[in-house]
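> Below are the sequence and a predicted model for it; my questions follow.
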Amino acid sequence: MASVAMNTIIREVAPNQVFPDISKLLSSTATFNQGDLLMYDPVNYIVARLPSEASAASFLGISTVTVSNGNIVSPYSTSNDAAISVPSLNGPMYGVVALAICQTGTSLNPGVAIYASPTTDAGQGVAATGTTIIGTYQGPTVTSTVAGQQIEVLFGSRYPGNTLKM
């Protein structure tokens, strides 16, 4: 399932950014939607969509913009306009509560640790099990999530240092 571009941030708790401007940190093939989980690739020195739960050690937060092939997507009729120079591009946010798509069949209680799950959704998937915490569940108790169910998550950042910061 591919993610859908939408503003998933529903509440700002302590909004922050590791990279306030990511315009110089995108590859020419960078493609992600607003609301996707983003990471910093310390090998290639770029910001990219989180490809796997194993990459969560450099999790940055939630994308606030949609990017296609390294360019911000135009609000007009074309998918992007490479002729327009973008002086800055807003970086991913953390310290915010945002909606994410939870793995089907998950049992949740308020405050439960949340992990990335790109296999649940290509850009916005999370689960209640994993190895690297990226946030905490903020909603009511849920016995079993259904396919495609969005949940409220307070997202932190793990970069730099692979320590969760809110």
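Arrived safely.
> pLDDT score for the spatially closest residue to N109 that is not a sequence neighbour?
Distances taken as Cβ to Cβ, 6 or more residues apart in numbering place T141 nearest to N109, at 5.2 Å, with adjacent residues excluded. Every C-beta, even on glycine, is put in place using the N, C-alpha and C of the backbone. pLDDT, T141: 97.
> Contact partners for T141?
108-110 (Cβ atoms under 8 Å, 6 or more residues apart in numbering).
> same question, V126
37, 100-103, 114-117, 120, 134-135, 151, 153 are the contacts of V126 under Cβ under 8 Å, 6+ apart.
> What distance do you get for the closest residue to S52 other than its chain neighbours to G135?
Excluding its sequence neighbours, the residue lying closest to S52 (Cβ to Cβ, 6+ apart) is P118, at 5.8 Å. Plainly put, P118 is 15 Å away from G135 if you go by Cβ to Cβ, to the nearest Å.
> G91 now?
The gap separating G91 from G135 is 17 Å, by Cβ to Cβ.
> more crowded one of these two?
More crowded of G91 and G135, by other Cβ atoms under 10 Å: G135, with 28 against 22.
> and the spatially closest residue to L60 that is not a sequence neighbour, what does it touch?
Excluding the flanking residues, the one nearest L60 by Cβ to Cβ, 6+ apart is P92, at 4.3 Å. Contacts here follow Cβ under 8 Å, 6+ apart; on that basis P92 touches 17-19, 22, 38, 47, 60-64, 157.
> could the residues you listed go into JSON lines alongside secondary structure and distance to T163?
What follows is the contacts of P92, written out as JSON lines (DSSP: H, G, I helix; E, B strand; the rest coil; distance: Cβ to Cβ, whole Å):
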{"residue": "Q17", "secondary structure": "coil", "distance to T163": "17"}
{"residue": "V18", "secondary structure": "coil", "distance to T163": "12"}
{"residue": "F19", "secondary structure": "coil", "distance to T163": "17"}
{"residue": "I22", "secondary structure": "coil", "distance to T163": "21"}
{"residue": "L38", "secondary structure": "strand", "distance to T163": "18"}
{"residue": "V47", "secondary structure": "strand", "distance to T163": "19"}
{"residue": "L60", "secondary structure": "strand", "distance to T163": "13"}
{"residue": "G61", "secondary structure": "strand", "distance to T163": "14"}
{"residue": "I62", "secondary structure": "strand", "distance to T163": "18"}
{"residue": "S63", "secondary structure": "coil", "distance to T163": "22"}
{"residue": "T64", "secondary structure": "coil", "distance to T163": "23"}
{"residue": "S157", "secondary structure": "strand", "distance to T163": "9"}
